[in-house]
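Colleague: Okay, here's the prediction I keep looking at, along with the sequence it came from:
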Amino acid sequence: MQTLPWLAVTSGEPAGIGPDVCLDLVGADAPYRVVVLGDKAVLQARSQLLGKNVYLRDYQPDAAPKAGVLDVYHLPVAAAVVPGQLAAANAAYVLDLLDAAYAGVATGEFAAMVTAPVHKGIINDAGVPFSGHTEYLAAKSHTEQVVMMLAGGGLRVALATTHLPLRAVADALNPALLQQVLATLEHDLRTKFGIAAPRILVAGLNPHAGEQGHLGHEEIDIITPVIAACQQQGMAVQGPYPADTLFQPFMLQHADAVLAMYHDQGLPVLKYASFGRGVNITLGLPFIRTSVDHGTALDLAGSGRADSGSLQAALACAWEMVAAQAGFAALQKGHAASK
Ligand SMILES: NC(=O)c1ccc[n+]([C@@H]2O[C@H](COP(=O)([O-])OP(=O)(O)OC[C@H]3O[C@@H](n4cnc5c(N)ncnc54)[C@H](O)[C@@H]3O)[C@@H](O)[C@H]2O)c1
Ligand SMILES: N[C@H](C(=O)O)[C@H](O)COP(=O)(O)O
């Protein structure tokens, strides 16, 4: 009987590089098993196109890992897949992959889910409002507050707002949201990353953190009072700092994470530091979910030029989180037994 935990990897948009990078997960000699969720024929065709000739095996929960074999949880695409060419008819398939992975983590069949990239636009074109895995999985699991955090290049960058038009960002920020985001970030840095007293630096929203109200009021009205409230609760939260100078070694050496106010305030820095090796982690969920730092790269699908480093990093990160959780659980059990 095999007891190694399964990590489920959704192969994402079939016309993108998701299938390409998932094929690189074959044969890892690891303390866990990997199952790729996707259409077996699509993965087979991509394997042949890339000259990889990976042996694909139908997923069986009790299967022992085997060198050179990739376990596939087959879900069928609706329309033929051409690398690089999006098809709205396959949008439901992409969501099916997420739903199946979610079902597996919800029952405990999978210890974590790792996601290859999806194309948000084509899912919307198919008539399904979709702004990202983060929001989709939060809704699916009825989680009120999740936080997107990317890690790489020695940095952790979390976001107060995620996939919003820039025009909507300032209106979305309010004390309750920021308080919840900081509480979730602090909680998960402690419980999922083992950081006893996480130090969080918070960016301002406006240039020069609002220049004492002359360049915007969100720092005075929202960010500073929330930071003060967090500090009163004993959290090591500092700011708001002007975002243009926050990402400097002299600042970051005293930080476990930076909280940026919006997507393109924080992520360009993170991706400059580590694109291709970064990991996207959804904090606040009742299960472990990590992802790649890149998108569907339609230009590279089937070319052999897609780098799987970020997917490998996301898988390794998911495993570290699973192992840490098991360690914490064992510790808690031992503690309870000793009472
Ligand atoms: N985790 C996710 O699901 C995720 C993450 C980011 C973007 N996206 C989505 O992907 C789609 C395309 O986004 P984009 O064009 O802004 O970004 P992208 O990451 O797909 O591409 C940006 C550039 O990086 C290159 N690139 C990306 N991944 C690479 C890899 N693994 N190896 C080598 N080069 C790589 C691409 O060829 C392109 O030149 C959008 O719909 C976006 O929303 C999804
Ligand atoms: N914001 C992410 C990034 O830039 O890498 C990406 O769009 C994926 O987000 P989800 O994990 O929510 O799909």
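Modeller: Arrived safely, thanks for sending. Residues are numbered from 1 along each chain as shown. Ligands and ions are numbered 1, 2, ... in the order given.
Colleague: what's His133 in contact with, if anything?
Modeller: By Cβ atoms under 8 Å, 6 or more residues apart in numbering, the contact set of His133 is Leu98, Thr115, Val118, Thr282, Arg289, Ser291. The way it works is simple: take the backbone N, C-alpha and C, and place the C-beta from them, glycine included.
Colleague: my bad, should have said Ile281
Modeller: Met148, Met149, Leu150, Ala151, Arg289, Thr290, Ser291, Cys317, Met321.
Colleague: Next to ligand 1, which bits of this protein? Give me the list.
Modeller: 17, 115, 117-121, 133, 280, 291-292, 294-297, 299-300, 306-307 (Cβ under 6 Å from any ligand atom).
Colleague: Can I have the buried ones of the residues you listed as a ChimeraX selection?
Modeller: Applied in ChimeraX, the following selects the buried portion of the residues of the chain next to ligand 1 according to 16 or more other Cβ atoms under 10 Å:
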select :17,115,117,118,119,120,133,280,291,292,294,296,297,300,306,307
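Colleague: Which ones among the residues of the chain next to ligand 1 also lie next to ligand 2?
Modeller: Counting by Cβ under 6 Å from any ligand atom, the members of these near ligand 2 are His133, Asn280, Ser291.
Colleague: What does the nearest residue to Gln145 once chain neighbours are set aside show for phi and psi?
Modeller: The shortest distance from Gln145 to any non-neighbouring residue, by Cβ to Cβ, 6 or more residues apart in numbering, is to Gln180 (4.3 Å). For Gln180, the backbone dihedrals are phi -70, psi -40 (criterion: degrees, to the nearest 10).
Colleague: Leu177 too?
Modeller: Main-chain torsions, Leu177, degrees, to the nearest 10: phi -60, psi -50.
Colleague: Out of the contacts of Ile281, who's the most crowded?
Modeller: Within these, most neighbours by other Cβ atoms under 10 Å means Ser291, with 29 neighbours.
Colleague: Let me see the contact set for that residue.
Modeller: Counting by Cβ under 8 Å, 6+ apart, Ser291 has contacts Val114, Thr115, Ala116, Pro117, His133, Val279, Asn280, Ile281, Thr282, Ala314.
Colleague: Which strand or helix spans Pro291?
Modeller: For the record, residue 291 is Ser, not Pro. Taking DSSP states H and E as the criterion, the element that holds Ser291 is strand 289-292.
Colleague: ugh, typo on my part, it should be Tyr136
Modeller: Take DSSP H and E as the rule and Tyr136 turns out to sit in helix 133-140.
Colleague: So what's the gap between that helix and the chain middle?
Modeller: Here helix 133-140 is found 11 Å from its chain centre; the criterion is Cα atoms, centre = their mean, to the nearest Å.
Colleague: For it, buried residues please.
Modeller: Within helix 133-140, the residues that qualify as buried are His133, Thr134, Glu135, Tyr136, Leu137, Ala138, Lys140, counting by 16+ other Cβ under 10 Å.
Colleague: give me the low-pLDDT residue ranges for the stretch 1-150 of the chain?
Modeller: For the stretch 1-150 of the chain, applying pLDDT under 70 flags the ranges 1-2, 28.
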